[in-house]
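Chemist: with the input below, show me the fold.
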Amino acid sequence: CMFLVISCPCALVNSIPLGYFGGIGLSAKNGILVKGGNYLEALTKASTIVFDKTGTLTKGAFYVSDINPVGMSKASLVEIVAHIENYSLHPIAKSIIEHYDDDINKDLVKEVNEMPGKGIKGLYDGKLLIVGKDNLMEEYNIDYQKVNSSGTVVYAALDGKYLGNIIIKDEIRDESKRLIDCLHKRGIKTVMLTGDNDAISQEVSNELGIDECYSSLLPQDKLEHLSRIINNKKPGDTIVFVGDGINDTPALKLADIGIALGDIDAAINVADIVLMNSDISKVNSSISIAKFTKKIVIQNIVFALAIKIIALIIAGLNILGTFGMYLAVLSDVGVCLITILNTLRIIYKKVKK
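Modeler: Have a look, this model is predicted:
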């Protein structure tokens, strides 16, 4: 009878799931929504974290820094580009529209087609207007002037004629540098995948100290790079992807753990972890919570098993005689209560960013 009471697994059955429930609760209290305890467990084994750049490591608050028209005024170039960018949801498009700050005549633009990673095209007053990256200009054989800038260059051409370019800039998040430093101290490798040109990407990468940077990528290129990273990982390692936008949803789904920032529904739906208020520093907080949760769970397992093994030995030797049942109850109910109390430490843990 004593053996049956001592071997009852109540302490393990209760404390392990409660530990991960506590970790999920602590995460939520710190603005981190975790969709399952298994993601907390996997996060403790993160070896590489892959970041999108725009809106993730940077603020995504674009602004027009320079306008370079060819054969027309700056106002005319912005007006033409703003009319077609009005049909795009991209943050860069919104920055041009905000800079234009005037009424959009929707009747001027028809047959709009947005090309992810390249730009947008349509008929402007009956003429083909293409707006986007240099690769789009080359695709349509436009005789344009390529610009090397630390900002995003938006080129425009109307009816085969080059109209000029608009340079858009973004700011690095204040907390990004500290986050990368914290990850490096943990021994976690950092990678940045972006569709921006080499000049912008290298500037951001060098400032933040990113280990690897891949630029000028289309959405499908990001997936290829992420797949390669996942295929080359060591057994047991976890690859994490952090992104914020619609274009990041395939990568968020492909990674071992997808972490989403911002309030884009598509990204939130496929992500395993969601950071509220787009606070990227919470990537480090989520790792701290995951490691602390696992530490408590392991403590509970070791403590419960150790006490039960000792109690079984004492019961087998019949050292306590008729008082052995008290020991059996203590090793079952007592240990269960102690492990639950230890698990409560997770809920009251103060997490540093």
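
Chemist: wait, doesn't residue 297 sit right on residue 20?
Modeler: Yes - with contact defined as CB atoms under 8 Å, residue 297 and residue 20 form a contacting pair (7.1 Å). C-beta here means a position set from N, CA and C on the backbone, and glycine is covered the same way.

Chemist: neighbour count winner among these two?
Modeler: residue 297 (26 against 23; other CB atoms under 10 Å).

Chemist: what's near enough to touch that one?
Modeler: By CB atoms under 8 Å, 6 or more residues apart in numbering, residue 297 lies in contact with 15, 16, 19, 20.

Chemist: now do residue 170
Modeler: 54, 58, 59, 60, 61, 62, 151, 152.

Chemist: next one: phi and psi at the second one?
Modeler: In this case it means residue 58. The phi and psi values for residue 58, taken as degrees, to the nearest 10, are phi -110, psi 170.

Chemist: so for it, what's the nearest residue that isn't a sequence neighbour?
Modeler: residue 170 (4.5 Å; CB to CB, 6 or more residues apart in numbering).

Chemist: so what pLDDT did that neighbour get?
Modeler: Here the pLDDT value assigned to residue 170 is 85.

Chemist: repeat for residue 231
Modeler: Looking at residue 231, the pLDDT reads 94.

Chemist: low-confidence stretches in the stretch 101-250 of the chain?
Modeler: The model of the stretch 101-250 of the chain has pLDDT under 70 over residues 246.

Chemist: so where do the strands sit in it?
Modeler: Ranges of strands in the stretch 101-250 of the chain, per DSSP state E, counting those that start in this stretch, are 109-115, 119-124, 127-132, 152-158, 161-169, 189-193, 212-214, 238-243.

Chemist: need the winner for burial among those strands.
Modeler: strand 238-243 (a mean of 26; mean count of other CB atoms under 10 Å).

Chemist: mind giving me the packing neighbours of that one?
Modeler: For strand 238-243, the elements it packs on are helix 37-43, strand 46-52, helix 219-231, helix 249-254, strand 257-261, judged by 3 or more CB pairs under 8 Å, 6 or more residues apart in numbering; DSSP states H and E.

Chemist: highest mean neighbour count out of those?
Modeler: strand 257-261 (a mean of 26).
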